[in-house]
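# sequence-free structure coming up:
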């Protein structure tokens, strides 16, 4: 049968090749190719040399080699269509995808595309000027600042951020018309400093300046430095006017202006000290100081690394808990949604601690207490800071900053901390969630659960956190993990607790030991008992681990396990949630998936906040009723006292 099919194919090919139409078209194509090749050979010897010496729009002439390549590309485009049967293998595919070896390869994708800039970020616009063929433009300033900009421009800057532009070829980019670009940073900064700043000669109009400032500025005027060459470089901007520069030029949130201002002063002082410049540090930011700060801390880096370098200390390579406090303090004094806390300093501190702890919970997955630049890039930290700066309702920023979430966390901690020592013991934690947790998991929380921060003694030595109690920060880690088990952070938290032997594998023996306590509790509460084998089979079918003998933390991080991982942990140590899972209503589960909340924690915090608010209203109503009853009793006693003639004078005897 195969032989007969091949014979029929040969007959069809023979008939097709023998047709007059195909033969004439092939002959015509061959003759056209021969005539074009002979004409192009003569043209390359003469026209190529003449055209190589011509210029267009004042630009330098192209090299002859480049002209030959362009002519070959034009010849390829003008070739007539060849019947598919006569094309060499691979020609059709290459023509469709534009992979001709004579064309330039596609430009590589931009690094860190979500954190890059569409405009040139060098001080004088050097990168954009060079890219457009205009050479290095003479801008504001010079010397060391220009050299830094030249070195760092091509390495870090980017042209576009969308995928289409990054995938375009170099030839397509050259054919596109140049988009209208904003003025360079130097021009925009000078305009803002002219609008917001003051000259040294007009300092009398500004209040609250240091008395020695005129003397310091006089020394800067006499000793010309790299960043202070003329009077414009000496223009000063007070701290209270620095908000627009922070937002419009540096792309930081508005409430960053005071810490940013202090950082510029700090880095300038280090600069003049390291360079052995005999000038005193300035207490106010000048245009020249901002120029230096931009060259060293802004131009070489993208958005995420700028944010990282501003938050951390200059001598460190990571962010610690204390580094966030100045920024949260400014948020508390600046945000309209937190204005009511201005008279409650204690709760301002607790709110700041809550926000910082939530940041470390979500960003610092290794729970080392140190956030690296890589972790900042992988997180949404910068975008959330920008969101809270623009959103007037603080409760709409559910990531990190919501006051309602802080209220729920702190009130739950306050309910368990009966002796008010800001420490949760094992007995206190057993009462959480109406005694829903088993004593075995409570012991593991105290012994093995990740702790967010390490303490430091008086000598500066790192002290491991005590395992005898939970601090408020430790309780935040616990509660966020307990009420939302459908994320990577809580999965890692609970896996470290359930992994008793610490081999990064959760085997059947470990799960059986936890579930045995659950069986006993379900029997005492009168619930239907589910055997361990049935529970484990159900969970394995939902999780689908790579190895059926044990579970690893990566099994819980699969896409289909976002809602399933919590069910296994609840089955092992939270009897109330496990019973709810077994008796769940499909209609309620569907409503839960379609509601307005993004996470289980957002849903729980909203419900619990409403509960706490109702309880607070009831307490206030009861207190008002008690006050009214007390006032009525006092009035009755006063009437009886007056009736006996014992009232006397109403004034104090002394």
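In hand now; what should we look at? Because the structure is predicted, anything quoted here is derived from the model rather than measured.
# can we go C-alpha only for contacts and neighbour counts from here?
Will do.
# From the structure, what's the count of residues near residue 226?
Residues contacting residue 226 under the criterion other CA atoms under 10 Å number 12.
# Show me which residues of whichever strand or helix holds residue 515 are buried.
In this structure, residue 515 sits in helix 508-525 according to DSSP states H and E. Using 16 or more other CA atoms under 10 Å as the test for burial, helix 508-525 gives 510, 511, 514, 515, 517, 518, 519, 521, 522.
# The second one: what's it in contact with?
What it means is residue 511. 498, 572 (CA atoms under 8 Å, 6 or more residues apart in numbering).
# Could you report the separation of it from residue 551?
10 Å (CA to CA, to the nearest Å).
# what does the third one give?
From residue 514 across to residue 551, the span is 15 Å (CA to CA).
# Same question for the last one.
Plainly put, residue 522 is 25 Å away from residue 551 if you go by CA to CA.
# Helix, strand, or coil at the residue nearest to residue 293 when sequence neighbours are not counted?
Excluding the flanking residues, the one nearest residue 293 by CA to CA, 6 or more residues apart in numbering is residue 264, at 6.3 Å. Applying DSSP: H, G, I helix; E, B strand; the rest coil to residue 264 yields a three-state assignment of helix.
# quick one: residue 264 and residue 290 touch, right?
Yes - because the distance of 7.1 Å satisfies CA atoms under 8 Å, residue 264 is recorded as touching residue 290.
# in a helix, that's where residue 467 is, yeah?
No - the assignment for residue 467, made by three-state DSSP, is coil rather than a helix.
# Excluding chain neighbours, give the residue nearest to it in space.
The nearest residue in space to residue 467 (CA to CA, 6+ apart) is residue 446, at 5.5 Å.
# what's the burial count for that neighbour?
Around residue 446 there are 20 residues (other CA under 10 Å).
# what's near enough to touch it?
Going by CA under 8 Å, 6+ apart, the list of residues near residue 446 reads 426, 467, 468, 469, 470.
# switch the cut-off to 10 Å
Residues near residue 446 by CA atoms under 10 Å, 6 or more residues apart in numbering: 425, 426, 429, 466, 467, 468, 469, 470, 474, 497.
# And for residue 273?
Residue 273 touches 267, 279, 280, 281, counting by CA under 10 Å, 6+ apart.
# and the last one, helix, strand or coil?
Same thing as residue 281. Going by three-state DSSP: residue 281 is coil.
# you'd agree residue 476 is up against residue 452?
Yes - assessed by CA atoms under 10 Å, residue 476 is found in contact with residue 452 at 9.4 Å.
# Name the residues contacting each of these two.
Looking at what touches both residue 476 and residue 452 (by CA under 10 Å, 6+ apart), the common residues are 357, 358, 361.
# Helix or strand for the last one, just tell me which one.
With the criterion set as DSSP H and E, the secondary-structure element containing residue 361 is helix 345-363.
# Pull out the buried positions in that helix.
For helix 345-363, by 16+ other CA under 10 Å, it's 348, 350-363.
# which helices and strands does that helix pack with?
Helices and strands touching helix 345-363, by 3 or more CA pairs under 10 Å, 6 or more residues apart in numbering; DSSP states H and E, are helix 321-334, helix 373-378, helix 381-390, helix 403-416, helix 472-483, helix 488-498.
# Great, nothing more from me.
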